[in-house]
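Predicted structure and sequence below. I'll ask about it afterward.
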Amino acid sequence: MLSPSNLIRIEPRRSFRQREDLLHLTELLYDRGHGSLLRGWRRELDPEAALEVDFPDFCRAAGRLAYVGDVQLLFGIDEDLSALTLHEVAPHEGELLEQFMHWVQDT
C-alpha cells in the first residue's frame, strides 16, 4: 500500500526531529487529500495556491489537522521563519508543481 513514508523524499541533511515532523505533516496532508499530498496541501494549507503558508495560517491549520510537531523547527528548515513552502515540505512535489506553473504561464 502506498503511504507518504515511501512516497515523500525527505532530505537527509535535516535533523532527525525535522524529518519526523515533516513525515508526520505529510502523512496528515496525504490523509486529508484522500491519497494526494498536493490536494491535502491545497485544501488545508494553501487554498490560494501561493505554494507557501505563513506562520499564523499554519498554526490554525495545525489545530484542524491535529498536528503535534515542533512548528518552529518545521518553519526553520530554511532559516526563514516567515513562511513554510511546499518545496520545504515536499521538495520533489514542490519542484514539479513549480515547473508545471511556469509551463502554464509560458504557454
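In hand now; what should we look at? Being a predicted model, the structure only gives us computed values, none of them experimental.

For the residue positioned nearest the centre of the chain, give its distance to D106.
Among the residues of the chain, the one closest to the centroid is V89, at 3.5 Å (C-alpha atoms, centre = their mean). As judged by C-beta to C-beta, to the nearest Å, V89 and D106 stand 25 Å apart. Yep, even glycine has a C-beta here, placed from its N, CA and C like the rest.

swap in Y30?
Separation of Y30 from D106 (C-beta to C-beta): 30 Å.

How about F58?
31 Å.

and if you look at G94?
19 Å.

Just want to know which of these two has more residues nearby.
Remark: of G94 and D106, G94 carries more neighbours, 18 against 6, as counted by other C-beta atoms under 10 Å.

and the residue lying closest to the more buried one once chain neighbours are set aside, what element?
Nearest residue to G94 in three dimensions, chain neighbours excluded: H87, at 3.2 Å (C-beta to C-beta, 6 or more residues apart in numbering). Using DSSP states H and E, H87 sits in helix 86-89.

For that helix, which helices and strands make contact with it?
Judged by 3 or more C-beta pairs under 8 Å, 6 or more residues apart in numbering; DSSP states H and E, the packing partners of helix 86-89 are helix 16-32, helix 37-44, helix 91-106.
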